[in-house]
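Mind looking at a prediction? Sequence and model below.
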Amino acid sequence: MSTTAITLTSEQGAVLPSITSVPVNSGDTVTFATGDGRTAYLFFSPGAAGILSPTPANPVAVSSTPVSFSFTASGSGVYGVYLETAADVTVPEFVGSPSSALAVLTDLSNVTFGVIDTPIKTGVTPPPPTDS
């Protein structure tokens, strides 16, 4: 049994994950926490909610204290979680082919960009934060 820790950071009005997918293996655990102390919100797809324990409600508030879920099954499905800055947003529809991984998705539909190109604006996922 393994644990995957995902650190969430806020940039330009979006929530970014330290990794973008987690293998779905029964008994493994995934944890979410913010690295900057801000609150982020997780919205799980119906498929993902069905194989996690405890079963997540939408949304799940996450801050610097880790929130953990264990996978109760292995196999393929449409497993995803959208990361948001607010609890009252409408998340995009979960679409895609069945996969044996939980996709950790950044929703950019509510982000307003300035004039400076950033990795988020150009569609490039920045590297995960490093400990200094």
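Thanks, I have it. Please read these numbers as outputs of a predicted model, since none were measured by experiment.

Show me the helices in the chain, by range?
Residue ranges of the helices in the chain, as given by DSSP state H, are 46-49.

Pairing partners for the lowest-mean-pLDDT helix or strand in it, with directions?
Lowest mean confidence among the helices and strands of the chain (mean pLDDT, DSSP states H and E): strand 14-17, at a mean of 92. Paired neighbours of strand 14-17 in the sheet (DSSP bridges): strand 3-11 (antiparallel).

Counting neighbours, which bits of the partner strand end up buried?
Residues of strand 3-11 classed as buried by neighbour count (16 or more other Cβ atoms under 10 Å): 4, 6, 7, 8, 9, 10. To be clear about C-beta, it is placed using only N, CA and C from the backbone, and glycine gets the same treatment.

Tabulate these (CSV), appending pLDDT and distance to residue 47.
Supplementary listing: the buried residues of strand 3-11 in CSV, determined by pLDDT from 0 to 100; distance: Cβ to Cβ, whole Å:
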residue, pLDDT, distance to residue 47
4, 97, 18
6, 97, 18
7, 97, 24
8, 96, 21
9, 93, 26
10, 89, 27
